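A.B. asks: The following comprises the amino acid sequence and a computationally predicted model.
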Amino acid sequence: MQSNASRNEKLHVGIIMDGNGRWATRRGLSRLRGHEAGVEAIRRVVEAAPKQGIGTLTLYAFSTDNWRRPKAEVAALMTLLRFYLANEVQSLVRNGVRLTVIGRRDRLPDGIANAITRAEDATAEGTTLHLRIAVDYSARDAILNAAAKAAALTSLTREAFSQLVTGEAGLRDVDLIIRTSGEKRLSDFLLWEGAYAELHFTERMWPEFDAGDLAAALASFHGRERRFGGLQAIVPEEVPSLSRV
Ligand code: IPE
Ligand code: IPE
Ligand code: MG
């Protein structure tokens, strides 16, 4: 079987960071404490990812549907985002991490959209890891917005549409989506980019997730055979393109 790491291509991994609230509640803590502990887990995973063959890491931090939560919890999450952007940029630059934020920016509290732009600009030269954080993100909205832009075009390829959906030229499709906390659903995450993603569900709550859990998810990934519709194992870079009608 061909290894999923053959040709040394760096992987794109997406993580649905779930379980902060339950982790905290089970310990008699407020849900906010769970979200704070979740930020620590982000730090661990961002540090571990490049050492484990990951070139692009997309983290689901706040969904468009999460606005349905109580105001106080939403406000606490936005405050954590503000702190992350203010405090983390130096270490991201030091570690060669390029940060981009995907999702809507126009509904975020004052100042956050500017802080995102500053963080993206400051980290733009990073080449060790591309960290994408999804905030006020909905995959269906991303596809819908891309479709609206595409309507003005006379011809369209998958590659061109991908760029409209993801905001990036040549972004690698997602190889692996991990979801913590035992839930087994995608909750509107990376529906276009993840068309052939392998899925890994773990009972681990996000605040406890560490480098070892990431390695275990990748070990499971590397043990799988990806066939992309054919009959043999194949790596994404070698999938022959079919002429489409
Ligand atoms: C994930 O943890 C973080 C966000 C969705 C912002 P949850 O807050 O969903 O935690 P549970 O699922 O309630 O345990
Ligand atoms: C998905 O988790 C969104 C994030 C992890 C940011 P949710 O906890 O919001 O998802 P559902 O409601 O259980 O599907
Ligand atoms: Mg949840």
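C.D. replies: Sure thing, it's come through. Remember, it's a predicted structure, so these values are computed and weren't measured experimentally. Ligands and ions are numbered 1, 2, ... in the order given.
A.B. asks: Find the closest residue to ligand 2 in this structure.
C.D. replies: Closest residue of the chain to ligand 2, Cβ to the nearest ligand atom: Ser187 (3.7 Å). From N, CA and C alone the C-beta is placed, and that goes for glycine too.
A.B. asks: which SS class is that residue?
C.D. replies: Here Ser187 is coil, with the state taken from DSSP: H, G, I helix; E, B strand; the rest coil.
A.B. asks: tell me the contacts of it?
C.D. replies: Ser187 makes contacts with Ile16, Tyr60, Ser63, Asp65, as judged by Cβ atoms under 8 Å, 6 or more residues apart in numbering.
A.B. asks: Which ones among these lie within helices?
C.D. replies: If you go by DSSP state H, the contacts of Ser187 have nothing in helices.
A.B. asks: who wins for neighbours among these?
C.D. replies: Tyr60 (26 neighbours; other Cβ atoms under 10 Å).
A.B. asks: Check whether that residue really touches Ile16, as I assumed.
C.D. replies: Yes. Judged on Cβ atoms under 8 Å, Tyr60 makes contact with Ile16 at a distance of 4.8 Å.
A.B. asks: overlap in contacts of those two?
C.D. replies: Joint contacts of Tyr60 and Ile16 (Cβ under 8 Å, 6+ apart) are Ser187, Phe189.
A.B. asks: Find me the pLDDT at the residue nearest to the spatial centre of the chain, would you?
C.D. replies: Closest residue to the average C-alpha location of the chain: Thr58 at 1.8 Å, with Cα atoms, centre = their mean. The per-residue pLDDT reported for Thr58 equals 98.
A.B. asks: Could you pull up phi and psi at it?
C.D. replies: When read as degrees, to the nearest 10, the backbone of Thr58 gives phi -110, psi 120.
A.B. asks: Quick check: the gap between it and Phe209.
C.D. replies: Distance of Thr58 to Phe209, given as Cβ to Cβ, to the nearest Å: 15 Å.
A.B. asks: Quick check: phi and psi on Ala86?
C.D. replies: phi -70, psi -40.
A.B. asks: Contacts only, for the closest residue to it other than its chain neighbours.
C.D. replies: Once flanking residues are discounted, Ala86 sits nearest to Ala115: 6.8 Å by Cβ to Cβ, 6 or more residues apart in numbering. By Cβ under 8 Å, 6+ apart, the residues touching Ala115 are Arg82, Leu85, Ala86.
A.B. asks: just checking, the second one touches Ile116?
C.D. replies: Yes. Leu85 is within contact range of Ile116, at 6.4 Å (criterion: Cβ under 8 Å).
A.B. asks: neighbour count winner among these two?
C.D. replies: Leu85 (23 against 20).
A.B. asks: From Asp18, how far out is the nearest residue to the more buried one once chain neighbours are set aside?
C.D. replies: Setting aside the residues directly before and after it, Leu85 is nearest to Ala115 in space (Cβ to Cβ, 6+ apart), at 4.3 Å. Distance of Ala115 to Asp18, given as Cβ to Cβ: 25 Å.
A.B. asks: picking that back up, if the residue nearest to the centre of the chain is in a bridge, with which residues?
C.D. replies: Gly14, Arg132 (DSSP bridges).
A.B. asks: So it versus Val45, what's the distance?
C.D. replies: 12 Å.
A.B. asks: Number of residues surrounding the closest residue to ligand 1 within the chain?
C.D. replies: Residue nearest to ligand 1 within the chain (Cβ to the nearest ligand atom): Gly21, separated by 2.8 Å. By other Cβ under 10 Å, 22 other residues sit near Gly21.
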